[in-house]
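Asker: Next one to model:
(one chain, ligands or ions: 1)
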Amino acid sequence: MAHIMTVQGEIDATELGFTLPHEHIMVDFAGAETAGPHRYNRDEVVATMRPFVEELVAAGVKSFVECSPMYLARDVQVLRTLAEQTGMQFITNTGQYKEPYLPQETFQISAEELAAQWIDEWVNGIDGTDIRPGFIKTAVFPDPLAVTQVKVMTAAAIASRETGLTIGTHTCKAVPALQIIRLLESRQVDPAKWIFIHAHQEEDFDLLRMVAAAGCWIELDGLGSASDAAILTPLLKLLDAGFQRQVLLSHDAGWYTVGKPGGGTPRPYTHLTSTFIPLLRQFGVDDETIRVLTVENPARAFAIG
Ligand SMILES: [Zn+2]
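Answerer: As a prediction, the model looks like this:
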C-alpha cells in the first residue's frame, strides 16, 4: 500500500483525499543569507493564514502541499500548528530553490553532499523537529540548465532514489523540462517521480505534449491568477490526448509575505472549488475525470517509493 508523508506523520495514500498539490502558507523573498524565523512571528502567521485554510476545509479540501522550500520561509512548525487547528493535512518538502535563494555553501559542495543534507531531513526530521518532508522541491530558470541547476537536480535525483520521494521542480518551460527528464533518467529516476511545475506557462502545446509523453506530471498551477482560459485550454488538450492520469491542478496561491506589514494580502485557495470545477463541468468534463485530477492523481504523484 502506498504512503504519503504529512507534517503529522505518514498516512495511507487513500487518506489524502481532495488535494491542492501546489500552494504556499508563507514565503520570504529576502534571500538565503537573510531569511529566517527571526523575521516573522509564528503566531501572527498562523492567525493570518488560518481563515484561508478553514475556508478550504469547508470546501472539502483534505490536503495541502506546501511548496515553500528552505531559505524561502519553509516553517514546519507553522504548518503543524495549522494542521492541528484546522484538520488540514499538510505536506512539506526538502530541497533547494534557485539563485538568489541558495546559500553560498550550495555553490561549493558537491551534488552528493547536497543530497546527503536532504536525505538527513528525510531520516531525522526538519529543523530539529520530527517533521519529515513529503517531496523534494527544486527550481530552475526557464532556459537550458545552468551549472548550479544541474547540480541541484542531480542532488534531487540522488535523494529521490534514496528516499522514494517525488521531485517537484519550478520549471515553467519545456526546454529545461526535457533536459531535467534526461538527467533524471540518466540517474535511474522514473519521469513519473517528477512534477513539471508551472507547466501552463509553456505556450507551445506540441512541446508540452512532448514532455507529457515522457511520463512526468504536468502541473497546471496558475488557477485564480492566470486566466481560466490559460489553464482550461492546455487541460482540455491534455485530456483529449489521453494524459488525464498525469495532470495536477493548483493555484500557487497564499501566502503570508515575510517583511510586509501583516504579511501583505494573501490570495485565497478556492478558485478551483468555487469556479474552475463548475467551468470544467460546463465543458463536459465528467465527475470521474474531476476525481482523477483532484484526488487520485495527487495520491499517486506524492506516493513514496
Ligand atoms: Zn509556488
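
Asker: Let me know the secondary structure of the residue of the stretch 201-305 of the chain found nearest the ion.
Answerer: The minimum distance from the stretch 201-305 of the chain to the ion, using Cβ to the ion, falls at Asp252 (4.3 Å). Placement of C-beta: from N, CA and C, glycine included. Of the three states, Asp252 takes coil according to DSSP: H, G, I helix; E, B strand; the rest coil.

Asker: confidence score at it?
Answerer: You'll see Asp252 listed with a pLDDT of 98.

Asker: how about it, what does it touch?
Answerer: 22-24, 67, 198, 221-222, 225 (Cβ atoms under 8 Å, 6 or more residues apart in numbering).

Asker: Max pairwise distance over those: which two?
Answerer: Spanning the widest gap among the contacts of Asp252 are Cys67 and Ser225, at 14.5 Å by Cβ to Cβ.

Asker: how many other residues sit next to Gln179?
Answerer: Close neighbours of Gln179, defined as other Cβ atoms under 10 Å, add up to 18.

Asker: Okay, buried residues for the helix or strand containing it please.
Answerer: Secondary structure from DSSP states H and E places Gln179 in helix 174-186. Within helix 174-186, the residues scored as buried using 16 or more other Cβ atoms under 10 Å are 174-181, 183-184.

Asker: same thing with stretch 124-137?
Answerer: Buried positions in stretch 124-137, judged by neighbour count with 16+ other Cβ under 10 Å: 126, 131-137.

Asker: Neighbour count: Cys67 and Ser225, which is higher?
Answerer: Cys67 (29 against 13).

Asker: From the ion, how far out is the spatially closest residue to the more buried one that is not a sequence neighbour?
Answerer: With sequence-adjacent residues excluded and distances taken as Cβ to Cβ, 6 or more residues apart in numbering, Cys67 is closest to His22, at 5.2 Å. From His22 across to the ion, the span is 6 Å (Cβ to the ion, to the nearest Å).

Asker: Would you check that His22 makes contact with Ala199?
Answerer: No. In this structure, His22 is not within contact of Ala199 by Cβ atoms under 8 Å, at 10.7 Å.

Asker: Residues in contact with both of these two, list them for me.
Answerer: In contact with both His22 and Ala199: 219, 221, using Cβ under 8 Å, 6+ apart.

Asker: Tell me which residue in the stretch 51-200 of the chain sits closest to the ion.
Answerer: For the stretch 51-200 of the chain, Cβ to the ion, closest residue to the ion: Cys67, 4.5 Å.

Asker: Does that residue touch Lys137 like I think?
Answerer: Yes. Here Cys67 lies in contact with Lys137, judged by Cβ under 8 Å, at a distance of 5.8 Å.

Asker: got any residues that touch both of these two?
Answerer: 93, 168.

Asker: So what's the residue count around Glu162?
Answerer: Look at Glu162: counted by other Cβ under 10 Å, it has 14 neighbours.

Asker: just the helices in this protein please.
Answerer: In the chain, the segments counted as helices under DSSP state H are 42-58, 76-86, 104-108, 111-124, 147-163, 174-186, 205-213, 228-240, 271, 277-282, 287-291, 297-301.
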